[in-house]
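Asks: Next input, structure requested:
(chains A and B)
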Amino acid sequence: MLVRTRMKELRARDGLRQADLARRVGVRRETISFVENGEYNPSLLLAVKIARVFEANVEEVFQYDEDELKLNL
Amino acid sequence: MSSGITRKWVLVTIAAVVLTYVAVGLYQGFSITASALVLPAIVGNLFVVAGMLYWIIQERRKGVPIVDERSQVVNGKAAMLTLFVGIYFMMALTFYDIAAQFISLPTKNAAIYLAVSAMFLLSFFGLSRWYYGRRPTR
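Replies: Reported below is the predicted structural model:
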């Protein structure tokens, strides 16, 4: 299951290009593009770094369907 | 790394590879015709190597990582596929060699097999790396 992200929206809010975000979190621009399009799930470290750039929580930036998050009793 | 030093090392690398090929070719007793057929392949490989070196230098200058977490995943996938194809390739050559001892088959010396295998597997890795690099990574 691939994660949904609000990265595009948050980038637009902060006036950041993909290349700027990539440089700040230390990955290639293509990786940011794949994450934004839901074609690559970032590592926990990368997800936290991206969230920090937007001064947000990880869950505000990356979202799963509620069904996916159901816990076993 | 200054561009003068970089250019110098790229030229030295290319010259070393060409000289190695020529020395091995002469040692193996290649004819002029065979050498002429091999030359375009060598030049093509050299262009690829030079292009990659140039790309790496440019990316370093921009301060962009050459390999990041997604590249590592993609490299791993391409490497696994190349490993399986390589094993298949080696087994095919081994069976061919065994069969050649019982039936009359054209055979070449080991250096040719090694050179062809190395070039084939490197090209295969490059192609699979390119293929996986453009697909969603799950």
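Asks: Below-threshold pLDDT in chain A: ranges please.
Replies: Along chain A, segments meeting pLDDT under 70 span A:1-2.
Asks: Any part of the helix or strand containing residue B:87 near chain A?
Replies: Using DSSP states H and E, residue B:87 sits in helix B:69-100. Yes. Helix B:69-100 reaches chain A (C-beta under 8 Å from any C-beta of the partner chain) through B:69-71. Where you see a C-beta, it was placed from the backbone N, CA and C, and this is true even at glycine.
Asks: ok, residue B:74 - contacts?
Replies: Neighbour list for residue B:74: B:129, B:132-133, B:137 [criterion: C-beta atoms under 8 Å, 6 or more residues apart in numbering or on different chains].
Asks: one more time with 6 Å
Replies: By C-beta atoms under 6 Å, 6 or more residues apart in numbering or on different chains, the contact list for residue B:74 reads B:132-133.
Asks: And for the closest residue to chain A within chain B, the neighbour number?
Replies: Chain B approaches chain A most closely through residue B:136 (3.6 Å), counting by C-beta to the nearest C-beta. The number of residues packed near residue B:136 is 12, by other C-beta atoms under 10 Å in any protein chain shown.
Asks: related to what we said a few turns ago, what comes up buried for the helix holding residue B:87?
Replies: For helix B:69-100, burial by neighbour count (16 or more other C-beta atoms under 10 Å in any protein chain shown) applies to B:69-71, B:73-75, B:77-78, B:81-82, B:86, B:89.
Asks: go on, stretch B:44-55?
Replies: Going by neighbour count (16+ other C-beta under 10 Å), the buried part of stretch B:44-55 is residue B:46.
Asks: can you tell if that stretch touches chain A?
Replies: No. Residues of stretch B:44-55 contacting chain A under C-beta under 6 Å from any C-beta of the partner chain: none, with a closest distance of 12.1 Å.
Asks: pLDDT of that stretch, averaged?
Replies: The predicted model assigns stretch B:44-55 a mean pLDDT of 84.
Asks: Thank you, goodbye.
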